[in-house]
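Chemist: Okay, sequence plus prediction incoming.
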Amino acid sequence: MRQKILISALAALMLAPVALNAKTLRWASQGDILTLDPHAQNEGMTIAASSYVYEPLVDYDKDFNLVPGLAVSWEQPDAETWRLKLREGVTFHDGAPFTADDAKFSLERAMAPTSNYKAYVNGIKEVKKVDDYTIDIITDGPNPILLRQLTNLFIMNKAWSEKNNAQQPQDFNANQETFSARNTNGTGPYKLESREVDIRTTYVENENWWGKDTKPGNVTRVVFTPIKQNATRTAALLSGEVDFVLDPPAQDLQRLRQQAKIVEGNEYRTIYLGLDQSSPELKYSSIKGKNPFADARVREALYVAIDMDAIKRAVMRGSSLPTGTMIAPQVHGYDAALAERVPYDLERAKTLLTEAGYGPNELNFTLDCPNNRYINDEAICQAIVGMWAKAGVKASLNTMPRATYMPKVQNADTSAYMFGWGVPTFDALYTLQSLIHSKGEGADGSFNFGGYKNAEVDALIDNIKVETDDAKRTAQIQEVLKIHAQEFGHIPLHDQVIPWAMGKNVDVIHRADNRLTPQWVTIQ
């Protein structure tokens, strides 16, 4: 009996370090995850949540180099074919084996009409199963960035999806409810334990994860809580109620540096304003019979009436990078010269409006803005509306939570709107095709809600899709950005600078995509 007790005690001691090392990560942000369907909504927080449960074929390391995910290797038999060898021995959370059928199904699912991930399947013509652990991706021309597109295409289980009538992505913009929007079955490091919309989402460690032995962190449980109010989020961190805050309020950063820990860096996300310049008349304006935003002078006036240096100083507390272009410095194709903003000039704004035929307070419209998506989003919009008022523009501010905001603007139910665009591929095509190309098939113009259109720009973007000469391709990217800027197709505001706040006992890897990766987190 004594021997059994000693053996049990010894076993307990041997297991103690592992048990002590297992940690729960409690974190918060101002808005909730929009959906659990990994192909339904191309939005940063939602993609991050998907990455806890689901995995892509190709992944990024901490420095955004391409590394194997569910594909262990890849090659190009010809210019329009990518052959991927898949990882063997991987199982989904329900125990089903991962095979080529799942990879093929998932890529095709992301191409479906209801998918919001068309930018990631751009150029894919067909997916062929070669054998149980090999697929060929056939493109409709050379695709120099296909592997980077694959980093956000998450793999689902074909049988589970068919069983639960989830063969098609949730139509988020139509407020569709599906099984895949509230339930998950991936191969990733964490499994969904519970989901309470706008209250709490909890994940637990996937004990059978293929990458468990190389996981650098010690987080075995993740509890995410959306906390809209800035002061409440800060208080939750300082009291120890949460361990990490993704979006600490700018006004609290100095206090948090003293009482907690701040890790920060530039995000690859550009915040901008979009204007409906294609409708015969604006939906949300008393001006009838014409569309003021179709006049480039009006768009320029709205741009030069915004003092981004003042917003950086007073609203962002120095944590922003004002810009005049639509891509951030980390993105291939960036040109610092194009990023120089057209100077703030209130008198020029008034002159331009007069030339366009609008006297004081005659130009009126509604500006739609989220209030829990981007850093200080509502405060930025409030400041802009005030600046426009000084130029004689009467803009009404309409703010709403992201869950309402996203489908509204994605259904083009807006006249003017704030949006933020990150670039997971780190290549400008992702922005040019989705935001600047006119509306067309697939990813073309899929987020061009204002209807900007220029035939020369479209032709250049179509060339960029297939150009493999890097110098030529970069020149074409910069030409598109130059033309678009001259026409004030959108109004770029700033690139976000992202501070993360956490307890002093928490170590994280800061990412330019603003994605908290729990398997990289260590809690002392």
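Modeler: Nice, thanks for sending it over.
Chemist: From start to finish, how long is stretch 441-450 in a straight line?
Modeler: Across its full length, stretch 441-450 reaches 17 Å between end residues, using Cα to Cα, to the nearest Å.
Chemist: tell me which residues of that stretch are tucked away?
Modeler: Residues A443, D444, G445, S446, F447, N448, F449, G450 are the ones in stretch 441-450 that count as buried (16 or more other Cβ atoms under 10 Å). C-beta here means a position set from N, CA and C on the backbone, and glycine is covered the same way.
Chemist: The first one is in contact with L432, isn't it?
Modeler: No - when contacts are counted by Cβ atoms under 8 Å, A443 is not listed as touching L432 (10.2 Å).
Chemist: Follow the chain on from the least confident helix or strand in the chain by mean pLDDT and name the next helix or strand.
Modeler: Within the chain, no helix or strand scores below helix 2-21, which has a mean of 38 by mean pLDDT, DSSP states H and E. Using DSSP states H and E, the next helix or strand after helix 2-21 towards the C-terminus is strand 23-29.
Chemist: Next, the angle strand 23-29 makes with the next helix or strand after that following strand.
Modeler: Using DSSP H and E, the helix or strand that follows strand 23-29 in sequence is helix 44-53. Interaxial angle, helix 44-53 versus strand 23-29 (axes from the mean of the first three to the mean of the last three Cα atoms, to 10 degrees): 160 degrees.
Chemist: helices or strands next to helix 44-53 in the packing?
Modeler: In terms of contacts (3 or more Cβ pairs under 8 Å, 6 or more residues apart in numbering; DSSP states H and E), helix 44-53 is packed against strand 190-196, strand 200-205.
Chemist: Please tell me how far A40 sits from P518.
Modeler: As for A40, its distance to P518 is 22 Å (criterion: Cβ to Cβ, to the nearest Å).
Chemist: er, C369 I mean
Modeler: According to Cβ to Cβ, C369 and P518 sit 30 Å apart.
Chemist: for P56, same thing?
Modeler: Counting by Cβ to Cβ, the gap between P56 and P518 amounts to 17 Å.
Chemist: Of these two, which one has the most company?
Modeler: Set side by side, P56 and P518 show more neighbours around P518, with 25 against 22, by other Cβ atoms under 10 Å.
Chemist: any idea of the pLDDT on that one?
Modeler: Model confidence at P518, expressed as pLDDT, equals 97.
Chemist: How far off centre is the helix or strand H494 falls within?
Modeler: H494 belongs to strand 491-502 when assigned by DSSP H and E. What separates the centre of strand 491-502 from the centre of its chain is 13 Å, taken as Cα atoms, centre = their mean, to the nearest Å.
Chemist: helices and strands around that strand, which ones?
Modeler: Based on contacts counted as 3+ Cβ pairs under 8 Å, 6+ apart, the elements that strand 491-502 packs against are helix 230-239, strand 244-245, helix 253-259, strand 261-275, helix 296-304, strand 320-322.
Chemist: swap the cut-off to 7 Å and go again
Modeler: Under the contact definition 3 or more Cβ pairs under 7 Å, 6 or more residues apart in numbering; DSSP states H and E, strand 491-502 sits against strand 244-245, strand 261-275, strand 320-322.
Chemist: Which stretch among those strands is buried most, on average?
Modeler: strand 244-245 (a mean of 26; mean count of other Cβ atoms under 10 Å).
Chemist: quick revisit: show me what secondary structure element comes after the strand holding H494.
Modeler: Read in the C-terminal direction, the helix or strand following strand 491-502 is strand 506-507, with elements assigned using DSSP H and E.
Chemist: Relative to that following strand, what are the paired strands and their orientations?
Modeler: Each strand paired with strand 506-507, and its direction, by DSSP bridges: strand 522-523 (antiparallel).
Chemist: Not counting its own residues, what contacts the partner strand?
Modeler: K23, L25, G217, N218, V219, D243, N505, V506, D507 (Cβ atoms under 7 Å, 6 or more residues apart in numbering).
Chemist: what about the fourth one, neighbour count?
Modeler: Burial of N218 is recorded as 18 neighbouring residues (other Cβ under 10 Å).
Chemist: Could you pull up the residues touching it?
Modeler: Contacts for N218 were tallied using Cβ under 7 Å, 6+ apart; they are N21, A22, K23, T522, I523.
Chemist: The second one: neighbour count?
Modeler: Spelled out, that is A22. When neighbours are counted by other Cβ under 10 Å, A22 registers 13.
Chemist: what residue ranges in the stretch 201-350 of the chain score low on pLDDT?
Modeler: Low-confidence segments of the stretch 201-350 of the chain, defined by pLDDT under 70, are absent; every residue clears the threshold.
Chemist: switch the cut-off to 90
Modeler: Applying pLDDT under 90 to the stretch 201-350 of the chain flags residues 250, 265-266, 319.
Chemist: likewise the stretch 1-150 of the chain?
Modeler: Low-confidence segments of the stretch 1-150 of the chain, defined by pLDDT under 90, are located at 1-22.
Chemist: so how far is stretch 205-213 off the chain centroid?
Modeler: On the basis of Cα atoms, centre = their mean, stretch 205-213 sits 26 Å off its chain's mean C-alpha point.
Chemist: can you give me the end-to-end distance of that stretch?
Modeler: Looking at stretch 205-213, the gap from its leading to its trailing residue is 13 Å under the measure Cα to Cα.
Chemist: residues in contact with that stretch?
Modeler: R87, G89, V90, T91, H93, G188, P189, Y190, K191, T220, R221.
Chemist: Which pair of the contacts of N218 spans the longest distance?
Modeler: Among these, the pair separated by the greatest distance (Cβ to Cβ) is A22 and T522, at 11.9 Å.
Chemist: what about the residue lying closest to G422 once chain neighbours are set aside, distance to E43?
Modeler: Take G422 and drop its neighbours on the chain: the residue closest to it by Cβ to Cβ, 6 or more residues apart in numbering is R269, 4.0 Å away. Taking Cβ to Cβ as the criterion, R269 is separated from E43 by 11 Å.
Chemist: got it, and F105?
Modeler: When Cβ to Cβ is the yardstick, F105 and E43 sit 23 Å from each other.
Chemist: Could you do P280 as well?
Modeler: For P280, the distance to E43 equals 30 Å [Cβ to Cβ].
Chemist: repeat for R299
Modeler: Noted for R299: a distance of 26 Å to E43, by Cβ to Cβ.
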